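> Here you go, sequence then predicted model.
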Amino acid sequence: MKICVAVFFGGKSTEHEISCISANQAIHAINAEKYDVLPVYISKDSEFYIGEELMDLANYSSFISNPESVLTKVKIYKGGPRVYVEPVKKSFISFTDNRRTIDVAFPVVHGTNVEDGSLAGFLQMMDLPYTSCDVLGGAVGQDKAVMKDIFKAEGIPMVDYMVVHAGDFIDNYKEYFEKAKKIGFPLIAKPANLGSSIGIEVIRTQKEFKEKVEECLKYDFKVVVEQMIEELKEVNISVIGSVDKNRVSAIEEVTNGFLDFDKKYQPGSGSKGAKGVKTGTKIPAKGPSKGMASTVRKVPADLSAVQKKTVEETAVKAFRALNSHGCVRIDFMIDNKTGEVYCNEINTIPGSLAFYLWKEVGMDFEEECEELIRNALNRYARRSKKTYSFDTNILDNYKK
C-alpha cells in the first residue's frame, strides 16, 4: 500500500490563491507511483475539501467562491494511531467505509491563519508527520517584526528598521515620525504578517509617512518600516533540511526590479505599483501557472566570492535562528553603492517551494518533494522518541 501524502493548501489568507498555484505544482511533482497524493483544499472559511477537480488548476476559478458546489467537504480526525479523512455528509446508499487515511501532511500554504504555525499546530495535534516548519518556526517566520528582532539578537545583518503598532500610531505619531526621520527617507513600509509583496508601500517623503503607514495598517496590526536601499540588488537563496542538518541552493538575482505582487504572479501585467491584491484575485483560467518560477531572474546571481559566502552562511544562520524545517527561501538585499549584504526576511513555505533554485544545483522538483517527505518522516520518528508525559499522583489530591 502506498504512503498517503496529503497536500494542504488555501486557507483564510490574503495569499489564498497563490497557495493554490504553488500547491498544484507540488501535487504534480510528487511521485504518484510511490505515493498516493491527496489534495486537501482549505476554503476561505477554513473548511476542508477533497475532490478530483483539485488536480487541475483550470477548475479552481469555478468553485473557489463556493467549493461545496463541486468538492466534497470532509472532516479530519484522529482515530487510534491513524488520521482519517471522511466526508461530512455520508451517503445513505454506500455500505463501504469511505474514510481515507493520511500518513504524511505536505503543507503548501502561504500567509496568516495557515503558514503562521496555525496549520502546523493542527497537524501536530493530529500527531502527523509534516514537511514544513513547526509551530514556533512558522509563527516567528510569518511575523516580520518578531523575526527581525530575533535576527538582530543573533547578529544577522539587516537595514535599520522600526515597528509601528496600530493601537498607538496616532497617539504616538510624533515619536514614530522622529524615528522615521532618524532612519532616513525613502522608506519601505510593509504589514508584519503578510507575504507575496501584498500591502507594501514606498515612502519617499516625510509628507507621505502617515498616509502610507495607515494604508499598511489596513492589513495588519503591526507594520515594519525600514530603510530603503535605492541602488538595490535583490538576491534569494533556499535552505532545505532541519536545524541540525541542512544545505543551501543556488542564489538567484531578481532582474526585473522590485518584486510587487503582479511581477511575481502575473507576468506581463505591466503593473508598476505595490498596492497589494484583494482576496478575490482570479486563478489563471488555463493550466497551471509557473508562479514564482516565471519571475525574470539570473542564476547564479552576479556576486563576488565574499558576497556569495556571506549570503550562504547568513542564510543557514537565519534558518537555525528561527528553528526552521523543510524548505524555506531567504531573501537578501545588497547595496550596490557599498556592496553590503543585508538579510531581508524568511519565507517558511516559499512560492513554488523554490524548486527553480534547487533545479540549478541538480535537484528536480520531484527529488525536492521526496526529500521533504523523507525529512518529515525522520523528524517525526525523532519526536516520537521524546517523553511527553510522566506518572504523577497529583490528581489524588482532588479526590472526594
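That came through fine.

> backbone phi and psi for Thr72, please?
phi -100, psi 120 (degrees, to the nearest 10).

> before we move on, what about the one 4 residues further on?
Its backbone dihedrals place Ile76 at phi -120, psi 120, with angles given as degrees, to the nearest 10.

> contacts for the helix ranked longest in the chain?
Longest helix in the chain by number of residues, with DSSP state H as the criterion: helix 365-384. Contact partners of helix 365-384, identified using Cβ atoms under 8 Å, 6 or more residues apart in numbering, comprise 3, 5, 25-26, 29-31, 35, 104-106, 128-131, 240-242, 325-327, 353, 355, 358-359, 363. Heads up, the C-betas are built off the backbone N, CA and C, glycines and all.

> What's the first helix or strand after the helix or strand bottoming out on mean pLDDT in the chain?
The weakest-scoring helix or strand in the chain, judged by mean pLDDT, DSSP states H and E, is helix 261-265 (a mean of 46). Counting by DSSP states H and E, the next helix or strand C-terminal to helix 261-265 is strand 297-298.

> And that next one, how far out from the chain middle?
21 Å (Cα atoms, centre = their mean, to the nearest Å).

> Tell me where the model's unsure across the protein.
Scanning the chain for pLDDT under 70 picks out 91-97, 195-197, 256-295, 387-392, 395.

> Taking the centroid of it, which residue is nearest it?
Taking Cα atoms, centre = their mean, the centroid of the chain lies closest to Ile349, which sits 3.3 Å from it.

> So it is in contact with Gly111, correct?
No. The pair Ile349 / Gly111 is not scored as a contact, 9.4 Å apart, by Cβ atoms under 8 Å.

> Put the alpha carbons of stretch 213-224 into PDB.
Provided in PDB are the C-alpha atoms of stretch 213-224 (Å, rounded to 0.1, in the frame of the first residue of the first chain):
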ATOM      1  CA  VAL A 213       1.700  53.600   7.100                       C
ATOM      2  CA  GLU A 214      -2.100  53.900   7.600                       C
ATOM      3  CA  GLU A 215      -2.500  52.100   4.300                       C
ATOM      4  CA  CYS A 216      -0.400  49.200   5.600                       C
ATOM      5  CA  LEU A 217      -2.300  49.100   8.900                       C
ATOM      6  CA  LYS A 218      -5.400  48.200   6.900                       C
ATOM      7  CA  TYR A 219      -3.800  44.700   6.500                       C
ATOM      8  CA  ASP A 220      -2.300  44.200   9.900                       C
ATOM      9  CA  PHE A 221      -1.900  45.400  13.500                       C
ATOM     10  CA  LYS A 222       1.900  45.900  13.100                       C
ATOM     11  CA  VAL A 223       3.900  47.500  10.300                       C
ATOM     12  CA  VAL A 224       7.600  47.200   9.700                       C
END
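
> Pull out the buried positions in that stretch.
In terms of neighbour count (16 or more other Cβ atoms under 10 Å), stretch 213-224 has its buried residues at Val213, Glu214, Glu215, Cys216, Leu217, Tyr219, Asp220, Lys222, Val223, Val224.

> any idea which of the residues you listed is closest to Pro67?
The nearest member of those to Pro67, counting by Cβ to Cβ, is Tyr219 at 24.6 Å.

> Isn't the closest one up against Pro191?
Yes. Here Tyr219 reaches Pro191: they are 4.0 Å apart, a contact under Cβ under 8 Å.

> Overlap of the contact sets of the two?
Ile198, Gly199.

> Looking at the contacts of helix 365-384, which are in strands?
Of the positions in the contacts of helix 365-384, Ile3, Val5, Tyr35, Val104, Ala105, Phe106, Ile240, Gly241, Gly326, Cys327 sit in strands, assigned by DSSP state E.

> Quick one: buried ones out of the residues you listed?
Val5, Tyr35, Val104, Ala105, Phe106, Ile240, Gly241, Gly326, Cys327.

> In contact with the last one: list those residues for me.
It stands for Cys327. Counting by Cβ under 8 Å, 6+ apart, Cys327 has contacts Thr131, Ser238, Val239, Ile240, Ile349, Pro350, Leu353, Ala354, Glu368, Leu372.

> Buried ones among these?
Thr131, Ser238, Val239, Ile240, Ile349, Pro350, Leu353, Ala354, Glu368, Leu372.

> which one of the residues you listed sits closest to Glu312?
For those, the nearest to Glu312 is Val239 (9.2 Å; Cβ to Cβ).

> quick one, helices of this structure?
16-29, 60-63, 118-125, 135-142, 144-153, 173-183, 209-216, 261-265, 305-321, 355-359, 365-384.

> Columns distance to Asn393 on top of the ones you listed, output as TSV?
Formatted as TSV, those follow (distance: least, Cβ to Cβ, whole Å):
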stretch	distance to Asn393
helix 16-29	48
helix 60-63	54
helix 118-125	27
helix 135-142	31
helix 144-153	40
helix 173-183	54
helix 209-216	54
helix 261-265	58
helix 305-321	40
helix 355-359	53
helix 365-384	26
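
> With respect to Met228, which of those lies nearest?
Checking the helices of the chain against Met228 by Cβ to Cβ gives helix 173-183 as the closest, at 9.3 Å.

> And the residue nearest to the centre of the chain, how far from Lys190?
Per Cβ to Cβ, to the nearest Å, Ile349 is found 18 Å from Lys190.

> same deal with Ile251?
On the measure of Cβ to Cβ, Ile251 and Lys190 end up 23 Å apart.

> and Lys73, which of the helices of the chain is closest to it?
It's helix 60-63; of these, that one is closest to Lys73 (Cβ to Cβ) at 11.9 Å.

> pretty sure Tyr84 is touching Tyr77, no?
Yes. Judged on Cβ under 8 Å, Tyr84 makes contact with Tyr77 at a distance of 5.8 Å.

> and those two? which has more neighbours close in?
Tyr84 (17 against 12; other Cβ atoms under 10 Å).

> what's the more buried one in contact with, if anything?
Ile76, Tyr77, Lys78, Arg99, Arg100, Thr101, Ile102.

> Can you tell me which of those has the most neighbours?
Neighbour tally across those (other Cβ under 10 Å): the maximum, 24 neighbours, falls on Ile102.

> So that residue is in contact with Val83, correct?
Yes. Assessed by Cβ under 8 Å, Ile102 is found in contact with Val83 at 4.7 Å.
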